[in-house]
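Engineer: any chance you can model this:
(2 chains)
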Amino acid sequence: MRATTAEAVEAPARAQASPVRMGITFFLMSESFLFGSLFWTYYYLRALTPGWPPHHPAMSLAAINTAFLFAGSCAVWAGVRSIRNGKERGLRTALLIAALLGAAFLGITLWEWFHEDFTPSTDAYGSIFFTLTGFHALHVLGGVLLMLALLGRTMRHRFSAGDFAAVEAGSMYWHFVDVIWILVFATIFIAR
Amino acid sequence: MLIRRSLGMPFWKPAPVIVAAVAAAALAVPAVFLGRRRFLSLGAVRGAIGGLCGMAGGMGAAMLVRWLMGMHAWGADAVLTAGIFTGVIAYLAALGFFGSWIRWARGVEDGGGERKPKKGWMRYLDVDTGHKVIGVQYFFAGLCFLPFGVSLQLIARTHMSDPHLGILSSMAYESVISDHGIIMMFLVALPFFTGLMNYLVPLQIGARDMAFPRLNAFSFWLVPPAGLLAACSLLAGGFDTGWTAYPPLSVSFENPGMNFILIGVYLAGLSSILTAVNVLTTVFKMRAPGLSFFRMPIFIWSSLATVGLTLLFTQFIGMAFLMVLFERLFGLAFFDPGKGGQVLLYQFLFWFYSHPAVYVFVLIGLGIISDVIPVFTRKPLFGYKGVAVSSPAIAFGGTVVFAHHMFAAGMPGWLRVPFMVTTLLVAVPTGVKVFAWVATTWMGKMRLQTPLLFVLSGIVLFLIGGLTGIPLGIVPVDLYLHATYWVVGHFHAMFFGGFLLPAMAAIFYWFPKVTGRMLDERLGKIQWLLMTVGMFLLAMPMLALGLEGMRRRIGHYDFTMHWQQLHIVTAVGGFTIFAGLVLLGINLVRSFRRGPAAGPNPWGARTLEWMVSSPPPEHNFEEIPEVFDRPHMHGVVGSVHARLSASDARNSERKRDESDDR
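Structural biologist: Numbering: from 1, shown residues only, chains lettered A, B, ... in the order given. Below is the predicted model:
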């Protein structure tokens, strides 16, 4: 299964030519417009509604969530570094940590959702609150699945110092989800 | 409301029977023909069976849950939507997409996942990753929905020739024209151009395939369910909102037809976003050596501009439609003023995509025109760089004009003038293109073959469409013309000139490349005449009606207004176009079976796809060719666009000798 020496020599060139990095960049640009439409909705409603926000969701747990996602991003970053140096074990640990932190984020988000004093159908604020956090949570879920998939491949020794384009793509996705969360957090809890 | 619902009902009762009969017939014929095992090995069949089972399962589960929660088991909106959701998932699973991802995650096989492609026509009904196969699949998907979309309009036009006959109820009329719009744009124009891009982009940039072949297959297989949903929305009761689906009408009107459209368009949008990722990466990463940006065919430039728009802006219509869907299903309140929502918000989100979308449909057509004209006038394209850059310029301009659809909608007054100015500015890059086309034909040695004929009448109609758009961009005039037939006439002239006629030119121009046989020129010229005349007959009376104040999307009018003659002329135009399309169908079938052999380059064109044999070999180029100059330098001594490697050139030569023998 491991790459033979000849392949390892050839590999860096192949990784460089891999279109995956560019593909995921374009995909994330598109995703940023998805969240753009939600932010547009939020700020549009905010501008036109007197007495905004009508509800005040609790901030403390969300702050912990921010820390979780940020830590996950750091872990993924460390993972990419280790596989670049050919260390599979470091990558494995990093992916596992990131997946667990993501799962914790999802757990806390779900708990919060059920303890808010409003529902999606209460008013427009409830709708955009749950849609915005919901779409972000869906992306975290996608990230967790992606981390697990990468973990599965790492277990089979599919990545090496010369061939880790998929890991890099996964890390870019994870950082993207992290950045979006910071915007979501800033929108809902700071800018209101 | 009650009356409108009851008028919608006649569609509903026979619908399940019709669907079942059509599905059974569509499956039974090839099943008998092929035998069970080969039949079940086809991707399309597995997908259909999987999708139907998934839909039944999802509907059953939803009804069970509703029953357990103490509700009425049957609620069309919720149950059907659940069924559609599970149906689409099961359909994709049956096609094997999830399986390949899981195998990838488990590291069982390395990426490729290549199965042995099937032979002959069966390849086109199976999941295949070859870009040329997918291109043809898209084309046929578009071709399947074309007669459906057109005949909807024929019914509506017949109705309008004499509304008092009552051919359609007003609900039915509104459903038919709304579905006509959705089908023609998202399931005829979009698949056709996506197919063309799939087929041509790798060939024209000298690549062997797209950057992500499996993603490419995935995007294609999202189109059939999208199309079926859009078509079935009529059977489910239709939707009377127009293609724009504005709330509160689209939200408050409890009819499952709306949900079908929302989900169907969402799927088509997802497919086009993934295609955009693919095309952009392919063009940026996989161009042949020497193919700098200013040596690319204009078709590649316009593809880039198009997919750039779909990549970013499709998310907006997707989200706007999802919000409407959520509002219908779960009672969310984005657009509900009673709960603090804003109705206009939808229009902003919707038009932020849907105005650029118009350019999505037209830009590729303009690219086709720009590439076809030099070949048939034997001259270099006038102002190549200007034409090339005007595509992204139109794309960018198109994103900052969207609110001109809302001049009459009650948006803040200070937004009007900026959007009026940007709207008029888009005319500049568009004018660059038209000017360059006309200048290219100047003193050219024109060969009036079918592709050029279509392109020429396309330019004229596009110009008329553009000129009739200017009054709509000017606020005071728009306040009068908004939502009249003027808009409909302008839009159709634009679409005929920017999409349909260039698309016909593309069919005649590239059919020899795809099949290796020429289309019949004489039939083609008759078709061109019918379609050009038909389009003028269709669009011009609409403009006149609009000036007189006839509102769009309304299935009746007052006879004292003397509008009937104009409506009849429009209907005649519609049927004339339809006759042209029938001729095209005959031509395609006849020429596919026994048209004269084409050889690699029947038109004397210079782009890379014409250097390989027709049809091109499985992997296009054995060795990647090298590019030296622009593609359109006809008559410029010593200019060579590209050179194939020796072995590829030999292959193409050999194929030509074989076809000469035939």
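Engineer: which element, helix or strand, includes residue 139?
Structural biologist: You didn't pick a chain, so chain A it is. A:H139 belongs to helix A:124-155 when assigned by DSSP states H and E.
Engineer: you answered for a different chain; I wanted chain B.
Structural biologist: B:F139 belongs to helix B:131-161, assigned by DSSP H and E.
Engineer: same for that helix, what does it pack against?
Structural biologist: Secondary-structure packing of helix B:131-161 (3 or more Cβ pairs under 8 Å, 6 or more residues apart in numbering or on different chains; DSSP states H and E): helix B:170-182, helix B:190-204, helix B:213-221, helix B:223-235, helix B:501-515, helix B:564-594. C-beta coordinates here come from the backbone N, C-alpha and C atoms, glycine included.
Engineer: how about 6 Å then?
Structural biologist: Packing contacts for helix B:131-161, counted by 3 or more Cβ pairs under 6 Å, 6 or more residues apart in numbering or on different chains; DSSP states H and E, involve helix B:170-182, helix B:190-204, helix B:213-221, helix B:564-594.
Engineer: which one of the ones you listed is the most hemmed in?
Structural biologist: Counting by mean count of other Cβ atoms under 10 Å in any protein chain shown, helix B:190-204 has the highest mean neighbour count of the helices and strands packed on helix B:131-161, with a mean of 27.
Engineer: by how many degrees do it and helix B:131-161 diverge?
Structural biologist: Interaxial angle of helix B:190-204 relative to helix B:131-161 (axes from the mean of the first three to the mean of the last three Cα atoms, to 10 degrees): 150 degrees.
Engineer: ignoring the adjacent residues along the chain, who's closest to B:Y199?
Structural biologist: Leaving aside its sequence neighbours, B:Y199 sits nearest to B:G135 (Cβ to Cβ, 6 or more residues apart in numbering or on different chains; 3.1 Å).
Engineer: correction: B:G341
Structural biologist: Nearest one to B:G341, counting by Cβ to Cβ, 6+ apart, is A:A124 at 4.2 Å.
Engineer: pull the number of nearby residues for the nearest residue to B:E623 once chain neighbours are set aside.
Structural biologist: Nearest residue to B:E623, sequence neighbours excluded (Cβ to Cβ, 6+ apart): B:S645, at 3.6 Å. By other Cβ atoms under 10 Å in any protein chain shown, 14 other residues sit near B:S645.
Engineer: identify the residues contacting the residue in the stretch 151-300 of chain B that chain A sits nearest to.
Structural biologist: Per Cβ to the nearest Cβ, B:A211 is where the stretch 151-300 of chain B lies closest to chain A, at 4.1 Å. Going by Cβ atoms under 6 Å, 6 or more residues apart in numbering or on different chains, B:A211 touches A:19, B:278, B:281-282, B:285.
Engineer: pretty sure it sits in a strand.
Structural biologist: No: according to DSSP: H, G, I helix; E, B strand; the rest coil, B:A211 belongs to no strand; its state is coil.
Engineer: residues from chain A in reach of chain B?
Structural biologist: Within chain A, the positions near chain B by Cβ under 6 Å from any Cβ of the partner chain are A:19, A:22-23, A:26-27, A:30, A:33-34, A:37, A:44, A:48-49, A:120-121, A:123-124, A:127, A:149, A:152-153, A:156, A:158.
Engineer: give me the neighbour count for the residue nearest to B:G341.
Structural biologist: 28.
Engineer: correct me, but B:A105 touches A:L148?
Structural biologist: No: B:A105 is not in contact with A:L148 according to Cβ atoms under 6 Å; the separation is 7.2 Å.
Engineer: circling back to that earlier point, distance to B:M122 for the helices and strands packed on helix B:131-161 - can I get that in a markdown table?
Structural biologist: Below are these laid out as a markdown table (distance: least, Cβ to Cβ, whole Å):
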| stretch | distance to B:M122 |
| --- | --- |
| helix B:170-182 | 31 |
| helix B:190-204 | 19 |
| helix B:213-221 | 15 |
| helix B:564-594 | 16 |
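Engineer: JSON lines for the ones you listed, including mean pLDDT?
Structural biologist: Shown next, in JSON lines, are the helices and strands packed on helix B:131-161 (pLDDT from 0 to 100):
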{"stretch": "helix B:170-182", "mean pLDDT": "90"}
{"stretch": "helix B:190-204", "mean pLDDT": "95"}
{"stretch": "helix B:213-221", "mean pLDDT": "94"}
{"stretch": "helix B:564-594", "mean pLDDT": "95"}
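Engineer: burial of residue 166, as a residue count?
Structural biologist: Defaulting to chain A. A:A166 has 20 nearby residues by other Cβ under 10 Å.
Engineer: my question was about chain B, not that one.
Structural biologist: 11.
Engineer: next one: B:V438
Structural biologist: Here the number of neighbours of B:V438 (other Cβ under 10 Å) works out to 13.
Engineer: after the helix or strand hosting it, which helix or strand is next?
Structural biologist: Taking DSSP H and E as the criterion, B:V438 maps to helix B:427-441. Per DSSP H and E, the first helix or strand lying C-terminal to helix B:427-441 is helix B:450-473.
Engineer: tell me what that following helix is packed against?
Structural biologist: Looks like helix B:450-473 contacts helix B:343-377, helix B:475-481, helix B:485-495, helix B:501-515, helix B:521-548 (3+ Cβ pairs under 6 Å, 6+ apart).
Engineer: buried ones from the residues of chain A next to chain B, can you make that a ChimeraX selection?
Structural biologist: Buried residues within these, by 16 or more other Cβ atoms under 10 Å in any protein chain shown, are selected in ChimeraX with:
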select /A:19,22,23,26,27,30,33,34,37,44,49,120,121,123,124,127,149,152,153,158
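Engineer: skipping adjacent residues, who's closest to residue 44 in space?
Structural biologist: Because you didn't say which chain, this covers chain A. Nearest one to A:Y44, counting by Cβ to Cβ, 6+ apart, is B:L345 at 5.3 Å.
Engineer: could you do chain B instead?
Structural biologist: In space, and not counting its chain neighbours, B:A44 is closest to B:L125: 4.3 Å by Cβ to Cβ, 6+ apart.
Engineer: now B:P213
Structural biologist: B:T129 (3.7 Å).
Engineer: tell me which element that neighbour is part of?
Structural biologist: Here B:T129 is assigned to no helix or strand, by DSSP H and E.
Engineer: quick check: it touching B:L215?
Structural biologist: No: assessed by Cβ under 6 Å, B:T129 is found out of contact with B:L215, at 9.2 Å.
Engineer: how close does the residue of the stretch 151-300 of chain B closest to chain A sit to B:G383?
Structural biologist: Here the distance between B:A211 and B:G383 works out to 31 Å (Cβ to Cβ, to the nearest Å).
Engineer: go on, B:G413?
Structural biologist: In terms of Cβ to Cβ, B:G413 sits 39 Å off from B:G383.
Engineer: between those two, point out the one with more neighbours.
Structural biologist: Using other Cβ under 10 Å, the more surrounded residue of B:G413 and B:G383 is B:G383, with 17 against 9.
Engineer: check contacts around the more buried one.
Structural biologist: B:A436.
Engineer: B:A226 is in contact with B:L267, isn't it?
Structural biologist: Yes: B:A226 is within contact range of B:L267, at 3.9 Å (criterion: Cβ under 6 Å).
Engineer: ok, for A:P57, nearest residue in space, not its chain neighbours?
Structural biologist: A:P57's closest residue in space is A:E116 (Cβ to Cβ, 6+ apart), at 5.6 Å.
Engineer: what kind of secondary structure is the closest residue to chain A within the stretch 501-650 of chain B in?
Structural biologist: Nearest to chain A, among the residues of the stretch 501-650 of chain B, is B:I624, at 12.6 Å (Cβ to the nearest Cβ). When classified by three-state DSSP, B:I624 comes out as coil.
Engineer: thanks a lot, see you next time.
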